[in-house]
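> predicted structure and sequence below. I'll ask about it afterward.
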Amino acid sequence: MSEDSIQERLKYAQNCLKRFEELESSTTDQLKDEVDFLRKAVLSSKPEIIDSHESLRIARQSFPRYILQAICCLAELNPVCLSK
Amino acid sequence: MNSVAPAKAPTARKKLQTSTKQNLPPTNTTFDPLPLLSLNPHEIDDEETLVLVSAYFNNLLRAIGIKPKYEADEVHLFPSLLTKSFLAALEAPSGPVSWLQRLPPQHQSTQIDHFSRAITKIALNSPSPRLQLSLRTLRHRLALTQPSTNIESVSKSTFQALRSFYAATKSDKDAYVVCKDVVSPILEKIVSTPDGARIVNFMGLMARKAGLLSDGMKWNDLGLRKCSATEKSCNAMFLLRNAGILFSLSKEGIGALWLLT
């Protein structure tokens, strides 16, 4: 896969994480899983891959912030109701 | 006076039977289906022959499907091998599926209907999830050749069948490979329906679980291409999944993606 192609996919994913508040609460269950998968993938990414692809290296630095933002958004969309 | 009986001549002529039937050359009692299979439906003008051959296939299939003993004896010994052989026989170049597909349109619909009933019976009697899935999707594949078929109900049924098979299969990789094989021939026709989109999503998830990340990315890309721009959460799901895969791939995996694009 070309560097441009990787960069394009990462850019779309980043935009998506930034705009989580626009999503409907009814569809967030699967998205929660995907955000979690991405979080784990970013944290456990292999150094040799990150070093050989600049766009992945840059995304690895910026993504955690946006992932956290998306998780907060998901929490707002699905508030936990405390019952007695 | 001793009378000596004349010795029988070795070339004595056989007594000619009086019945016409008895004078016919002896026939092999084993029924050989090959002459039927080699018939090309387009070369047959006789409607009765077409119906006869199709009925032959259906009877043969029913005979296999309704014999629990056959299944108990054979399937448990070599379940995978037998299932594969049976499916290969159905799909063989001169097998029943090929025969049905070559039938003239005026006969095709009725014969596909009869054939579908026969394979439904087999699927219901079979303990093999693989056979159940393959026969169900084969039935759908044939139905999709008919203009009156409701594509949405086919997509829904296919999605249910894939999920049932996945639930009954221990290995994620085995499940994915079988599901991919059975869904690929009908994918183009069902992908635009709501359940078709769910199938694409399901296949993407299954590929990822099976560790086939580049395959997963292909399913996600297909999902993105088919998903409407207004379905934000659907698009978001595919985009995030692809990004996650990019971070999870090995060096060889990225190389393989290079080859694919």
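Here it is on my side, so go on. Numbering: from 1, shown residues only, chains lettered A, B, ... in the order given.

> for whichever residue of the stretch 1-150 of chain B sits closest to chain A, helix, strand, or coil?
Using CB to the nearest CB, the closest approach of the stretch 1-150 of chain B to chain A is made by residue B:133 at 24.0 Å. The way it works is simple: take the backbone N, C-alpha and C, and place the C-beta from them, glycine included. Under DSSP: H, G, I helix; E, B strand; the rest coil, the three-state class of residue B:133 is helix.

> give the contact list for it.
Shown in contact with residue B:133 (CB atoms under 8 Å, 6 or more residues apart in numbering or on different chains): B:161, B:162, B:164, B:165, B:178, B:179, B:182.

> ok, 7 Å please
Taking CB atoms under 7 Å, 6 or more residues apart in numbering or on different chains, we find residue B:133 in contact with B:161, B:165, B:178, B:182.

> now residue A:18
Counting by CB under 7 Å, 6+ apart, residue A:18 touches residue A:66.

> which helix or strand in the chain has the lowest average pLDDT?
Assuming you mean chain A. Ranking every helix and strand in chain A by mean pLDDT, DSSP states H and E puts helix A:47-52 at the bottom, with a mean of 85.

> chain B, not that one
Within chain B, confidence by mean pLDDT, DSSP H and E is lowest for helix B:68-70 among all helices and strands, at a mean of 44.

> picking up where we left off before, report all helices and strands that the helix or strand following the least confident helix or strand of chain A contacts.
Along the chain past helix A:47-52, the next helix or strand (assigned with DSSP states H and E) turns out to be helix A:54-77. When contacts are defined as 3 or more CB pairs under 7 Å, 6 or more residues apart in numbering or on different chains; DSSP states H and E, helix A:54-77 sits against helix A:3-18, helix A:28-43, helix A:47-52.

> near chain A, which residues of chain B? Just list them.
B:232-233, B:236-237, B:239-244, B:246-251, B:254, B:257-258, B:261 (CB under 7 Å from any CB of the partner chain).

> just the buried members of these?
When the residues of chain B next to chain A are checked for burial by 16 or more other CB atoms under 10 Å in any protein chain shown, the buried set is B:232-233, B:236-237, B:239-244, B:246-249, B:254, B:257.

> export stretch B:231-250 as CSV, just CAs?
Extracted C-alpha coordinates of stretch B:231-250, given in CSV (Å, rounded to 0.1, in the frame of the first residue of the first chain):
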residue,chain,number,x,y,z
GLU,B,231,-24.8,7.0,7.1
LYS,B,232,-22.2,8.6,9.3
SER,B,233,-21.9,6.0,11.9
CYS,B,234,-21.6,3.2,9.3
ASN,B,235,-18.8,5.0,7.5
ALA,B,236,-17.2,5.8,10.8
MET,B,237,-17.1,2.2,11.8
PHE,B,238,-15.3,1.1,8.6
LEU,B,239,-12.9,4.1,8.8
LEU,B,240,-11.9,3.3,12.4
ARG,B,241,-11.6,-0.4,11.7
ASN,B,242,-9.3,0.3,8.8
ALA,B,243,-7.1,2.6,10.8
GLY,B,244,-6.9,0.0,13.6
ILE,B,245,-5.8,-2.6,11.0
LEU,B,246,-3.1,-0.3,9.7
PHE,B,247,-1.6,-0.1,13.1
SER,B,248,-1.9,-3.8,13.7
LEU,B,249,-0.3,-5.0,10.4
SER,B,250,3.1,-6.5,10.2
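
> residues in contact with it: which ones?
Residues beyond stretch B:231-250 that count as contacts (CB under 7 Å, 6+ apart) turn out to be A:6, A:9-10, A:12-13, A:16, A:22-24, A:27, A:30-31, A:34-35, A:37-38, A:41-42, A:45-46, A:49, A:56, B:204, B:208, B:213, B:216-217, B:220, B:223-224, B:227.

> spit out the contact partners of residue B:209.
residue B:172 are the contacts of residue B:209 under CB under 7 Å, 6+ apart.

> hmm, try it at 10 Å
If a contact means CB atoms under 10 Å, 6 or more residues apart in numbering or on different chains, then residue B:209 has B:166, B:172, B:173, B:175, B:176, B:216 as its contacts.

> next one: the fourth one from residue B:225, what distance?
Yep, that's residue B:175 we're talking about. Relative to residue B:225, residue B:175 is positioned 25 Å away (criterion: CB to CB, to the nearest Å).

> more neighbours: which of the two?
residue B:175 (22 against 10; other CB atoms under 10 Å in any protein chain shown).

> the more buried one contacts residue B:167, correct?
Yes. Using CB atoms under 10 Å, residue B:175 is in contact with residue B:167, at 9.0 Å.

> quick check: neighbours shared by the two?
Both residue B:175 and residue B:167 are contacted by residue B:129, under the criterion CB under 10 Å, 6+ apart.

> show the buried residues in the contacts of residue B:209.
Buried residues within these, counting neighbours by 16+ other CB under 10 Å: B:166, B:172, B:175, B:176, B:216.

> for chain A, see how far away the residue nearest to the second one when sequence neighbours are not counted is.
Meaning residue B:172. In space, and not counting its chain neighbours, residue B:172 is closest to residue B:210: 4.2 Å by CB to CB, 6 or more residues apart in numbering or on different chains. Distance from residue B:210 to chain A, counting by CB to the nearest CB, to the nearest Å: 15 Å.

> in this structure residue B:210 contacts residue B:219, no?
No. Shown here, residue B:210 and residue B:219 do not form a contact pair, counting by CB under 10 Å, at 11.4 Å.
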